[in-house]
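1. could you work out the structure for the sequence below:
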Amino acid sequence: MTDLSLPNLPGGLPDKRQVAASFSRAAASYDSVAELQRDVGSELLSRLPEDFVPARWLDMGCGTGYFSRALGERFPDANGLALDIAEGMLNHARPLGGATHFIAGDAERLPLQDSACDLVFSSLAVQWCADFASVLNEVHRVLKPGGIFAFASLCVGTLYELRDSWRQIDGMVHVNRFREFGVYQQLCAGSGLKVVSLETNPHVLHYPDVRSLTHELKALGAHNLNPGRPGGLTGRARILGLIEAYEQYRQAQGLPATYQVVYAVLEKPL
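-> Numbers count the residues shown, from 1 in each chain. Just a heads-up that it's a prediction; the model follows:
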């Protein structure tokens, strides 16, 4: 059993090329295990203003294009752009349609002109960006006045059960360190965008055993790219220790894995 978790954020960052390669490799298996991603993205879509109809939208961090297709269905007359840093994801998404253009690019340096979009939609992508202030600056730049930035991300408290279980085994880095919710509040408040809504909600999934959770994380491409992570395979004794530690969290539905999801809707002032 390999050591699996999510790439680290502040305090030792994964190389973007590693992140892109990891998600590229996971493109074929991603949708089969992406329950959280579908639920969170659907919730984010529901938070868009009902009367809002963009002429051009950007799905930033589109992955397999699941929500590019959802945006295409919701806004059939709009011009849609799907962007991701992982070429493998774009190659998977492109034949399935939904967007007019599929673009390889980085959310911290968007390859788009100023005031190019009415909507930037980003579900569970910006947690991989080391410099979220740059993401906000870029979104502010590419949005038209009156345009909307809707994003969902993850913050501190995500996968705390897995993190705390590993802490009982060794002192190595096994699970990512996400930003504090307060950092999102601070950066959004200073972005020049009006904060329409910004909140965090826990989303809990349940698994029959630890292996099911770690298998899902690997299939999502969201495995451990942390500096300081253990090399190679994780020893059997440590895995058994992890399983025993995680069992303390077991509920009637199974072993819980908590994701602290940040939902935000921001608007560029007229």
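
2. all helices of the stretch 51-200 of the chain, in order?
-> 66-74, 87-93, 132-142, 160-167, 181-189 (DSSP state H, counting those that start in this stretch).

3. for the record, mean pLDDT for the fourth one?
-> Regarding helix 160-167, the rounded mean pLDDT is 91.

4. what do you get for stretch 194-204?
-> 97.

5. from the middle of its chain, how far away would that stretch be?
-> Distance, stretch centre to chain centre, for stretch 194-204: 14 Å (C-alpha atoms, centre = their mean, to the nearest Å).

6. residues touching it, excluding its own?
-> 36, 39-40, 47, 148, 155, 157, 181, 184-185, 188-189, 256-269 (C-beta atoms under 8 Å, 6 or more residues apart in numbering). (Each C-beta comes from the backbone N, C-alpha and C, glycine too.)

7. and for stretch 62-76?
-> Outside stretch 62-76, the residues touching it (C-beta under 8 Å, 6+ apart) are 23, 27, 30-31, 34, 37-38, 41-42, 45, 53-54, 57, 59, 78, 80, 82-84, 86, 89-90, 92-94, 96-99, 102, 121, 123, 125.

8. for that stretch, buried residues please.
-> By neighbour count with 16 or more other C-beta atoms under 10 Å, stretch 62-76 contains the buried residues 62, 63, 64, 65, 66, 67, 68, 69, 70, 71, 72, 75.

9. same thing with stretch 177-196?
-> Applying 16+ other C-beta under 10 Å to stretch 177-196 flags 177, 178, 179, 181, 183, 184, 185, 188, 191, 193 as buried.

10. going by distance to residue 250, which of these wins?
-> The nearest member of those to residue 250, counting by C-beta to C-beta, is residue 178 at 24.2 Å.

11. returning to that earlier point: buried members of the contacts of stretch 194-204 into PyMOL, please.
-> A single PyMOL command selects the buried members of those (16+ other C-beta under 10 Å):
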select buried, resi 36+40+148+155+157+181+184+185+188+256+257+258+259+260+261+262+263+264+265+266+267+268
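
12. flag the shaky bits of the stretch 51-200 of the chain, pLDDT-wise.
-> Within the stretch 51-200 of the chain, the ranges that satisfy pLDDT under 70 run 171, 173.

13. what ranges does it have for its strands?
-> 56-60, 79-84, 101-104, 117-123, 143-154, 194-207 (DSSP state E, counting those that start in this stretch).

14. how about the ones you listed in TSV, adding distance to residue 169?
-> Listed next are those as TSV, based on distance: least, C-beta to C-beta, whole Å:
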stretch	distance to residue 169
strand 56-60	37
strand 79-84	34
strand 101-104	39
strand 117-123	32
strand 143-154	23
strand 194-207	19
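
15. most packed of those?
-> strand 56-60 (a mean of 28; mean count of other C-beta atoms under 10 Å).

16. helix/strand/coil for residue 38?
-> Using DSSP: H, G, I helix; E, B strand; the rest coil, the secondary structure recorded for residue 38 is helix.

17. give me the beta-bridge partners of the residue lying closest to residue 189 once chain neighbours are set aside?
-> Leaving aside its chain neighbours, residue 189 sits nearest to residue 195 (6.4 Å; criterion: C-beta to C-beta, 6 or more residues apart in numbering). Legend: beta-bridge partners of residue 195 under DSSP bridges are residue 266.

18. now do residue 57
-> Under the criterion used (DSSP bridges), residue 57 bridges to residue 80, residue 119.

19. quick revisit: show me how to select, in PyMOL, the buried members of the contacts of stretch 62-76.
-> Here the buried members of the contacts of stretch 62-76 are turned into a PyMOL selection, burial being counted by 16+ other C-beta under 10 Å:
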select buried, resi 23+27+30+31+34+37+41+45+54+57+59+78+80+82+83+84+86+89+90+92+93+98+99+102+121+123+125
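
20. which residues touch the residue nearest in space to the middle of the chain?
-> The residue lying closest to the centre of the chain (C-alpha atoms, centre = their mean) is residue 124, at 2.2 Å. Residues near residue 124 by C-beta under 8 Å, 6+ apart: 36, 37, 40, 41, 61, 152, 153, 154.
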